[in-house]
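Colleague: Just the structure for this:
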Amino acid sequence: MSGISIVKALEMAMEQHQSGHFQRAQDLYLSILEQDPGNVDAIHLLGVLAHQGKRSDLAIEYIERAISQRPDEPVFHFNYADCLAAVGRTADAIQSLKTATVLAPDYYNAWYGLAYLANQSGDFPEALRAGNEAYELAENPAASLILIGLANRALGNYVEAVKNFEEAIVEDPMMPEAYTNLGTALSNNREIDKAIPLFLKAIELRPNFADAHNNLGVAYLKKQDFENAAKHLNLTLQLKPDFADAYNNLGVTLRDSGHPEESLSMYAKAIELKTDFAEAYNNYAQALMDLGRHEECIEKAKEALIIRPEFSEAYFNVAQANRTLGRLDEAATGFQKAMDLMPDASSPYTMLGYVLVERGEVDLGLTYINKWLALFDNPTGYGDMLLAVNYSDKISFF
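Modeller: The predicted model follows:
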């Protein structure tokens, strides 16, 4: 760097960085810091470079140093948030993005990033607020509309979510994420026949779109078209071998098509990839029950309850297994808990009624069965219960 000013060296380093010559850029940044240890731009950009090199832990240290010297620079806070999110510190990343939006209220990327992370973390009102701010600032609002739609869908605003996704398609008809998210909203509303063409359109636009193949597989699964469901779920796993949701969905496909033994390895793989996957544990339990392995069923369902203590379907499966094993007291307790958690479902009423009758409490049991008959139109009864199957409609972010 002899004979070159620090300003010129920084320009050269940034050119190398932007051109993808990362080693040269790193050498220049370090040379700058040898002459000017407090050069905040070199410190910050070394952090960005470290993050690009998958060393987000080191990047955080550099960018924290930069922020300590120039705390009012919104770009520093934005890049800091990106690094924090990469190491799983989502709450801290959200706070950093909020700081960036306060420092620069017209900072589109910060608002978009805030909406994205708020959706991921389950703070859907914040995602809606930030998404709307991003929408107002966006040159192409389609991406922001998708985040707004995801938040509305999670908040139960089905009509608004559909409008958001439809508007995103109008704004950018070539964006496959808009089609697959609209399809998922319709599928979740049992409008399967409307959803399937949307997933197919997303795949036409991006043939290797794993999320679209997964969601299409789930749609076919809901129609009990097991052949097409398995086809697209297997394609999903070819494209994205670490996709836990697809393994879970393939497990449900195998079990529902009469192959519970084969489904077990799918659930096991889903749990290996996502250790807190309560639905996969519970579906594993359901398959074990189908195979007559009731003690193991109870163990798996209880693991689901450790992860999600208010998981009504897992209580139902524990109760069902206990009833089969003749443990009527434990079964009654489980069905009562399931009923308390899902009062709009018919199965816990019927099963609690049956168990009470079997336990000799005929009048009380008949009370629950009569309540079931009074509350639910065209009740399907015991043989038609599918409450314990949990599909995984993967939310498609960018």
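Colleague: need the helices for the stretch 101-250 of the chain, in chain order.
Modeller: 108-121, 124-137, 142-154, 158-171, 176-188, 192-205, 210-222, 226-239, 244-256 (DSSP state H, counting those that start in this stretch).
Colleague: Export these to JSON lines and append columns for distance to A374 and mean neighbour count.
Modeller: All C-beta atoms are positioned from the backbone trio N, CA, C, and that covers glycine. Shown next, in JSON lines, are the helices of the stretch 101-250 of the chain (distance: least, Cβ to Cβ, whole Å; neighbours: other Cβ atoms under 10 Å):
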{"stretch": "helix 108-121", "distance to A374": "40", "mean neighbour count": "23"}
{"stretch": "helix 124-137", "distance to A374": "35", "mean neighbour count": "20"}
{"stretch": "helix 142-154", "distance to A374": "33", "mean neighbour count": "26"}
{"stretch": "helix 158-171", "distance to A374": "28", "mean neighbour count": "19"}
{"stretch": "helix 176-188", "distance to A374": "28", "mean neighbour count": "26"}
{"stretch": "helix 192-205", "distance to A374": "30", "mean neighbour count": "19"}
{"stretch": "helix 210-222", "distance to A374": "29", "mean neighbour count": "27"}
{"stretch": "helix 226-239", "distance to A374": "36", "mean neighbour count": "19"}
{"stretch": "helix 244-256", "distance to A374": "31", "mean neighbour count": "26"}
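Colleague: Which of the ones you listed sits closest to R89?
Modeller: helix 108-121 (10.6 Å; Cβ to Cβ).
Colleague: and the angle for the closest one with helix 124-137?
Modeller: Counting by axes from the mean of the first three to the mean of the last three Cα atoms, to 10 degrees, helix 108-121 lies at 160 degrees to helix 124-137.
Colleague: Now do helix 108-121: distance to the chain's middle.
Modeller: If you compare the mean C-alpha spot of helix 108-121 with that of the full chain, they lie 14 Å apart, counting by Cα atoms, centre = their mean, to the nearest Å.
Colleague: what does it contact?
Modeller: Residues from elsewhere that reach helix 108-121 (Cβ atoms under 8 Å, 6 or more residues apart in numbering): 74, 77-78, 81-82, 85, 90-91, 93-94, 97-98, 100-101, 104, 124, 126-128, 130-131, 133-134, 137-138, 143-144, 147-148, 150-151, 154, 395, 397-398.
Colleague: circling back to that earlier point, export the helices of the stretch 101-250 of the chain to a markdown table and append columns for distance to T324.
Modeller: Converted to a markdown table, the helices of the stretch 101-250 of the chain look like this (distance: least, Cβ to Cβ, whole Å):
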| stretch | distance to T324 |
| --- | --- |
| helix 108-121 | 39 |
| helix 124-137 | 39 |
| helix 142-154 | 36 |
| helix 158-171 | 38 |
| helix 176-188 | 32 |
| helix 192-205 | 33 |
| helix 210-222 | 26 |
| helix 226-239 | 26 |
| helix 244-256 | 17 |
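Colleague: want to throw those into a markdown table with mean pLDDT and distance to V48?
Modeller: Supplementary listing: the helices of the stretch 101-250 of the chain in a markdown table, determined by pLDDT from 0 to 100; distance: least, Cβ to Cβ, whole Å:
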| stretch | mean pLDDT | distance to V48 |
| --- | --- | --- |
| helix 108-121 | 96 | 14 |
| helix 124-137 | 97 | 22 |
| helix 142-154 | 96 | 22 |
| helix 158-171 | 96 | 30 |
| helix 176-188 | 94 | 26 |
| helix 192-205 | 96 | 31 |
| helix 210-222 | 96 | 28 |
| helix 226-239 | 97 | 30 |
| helix 244-256 | 97 | 30 |
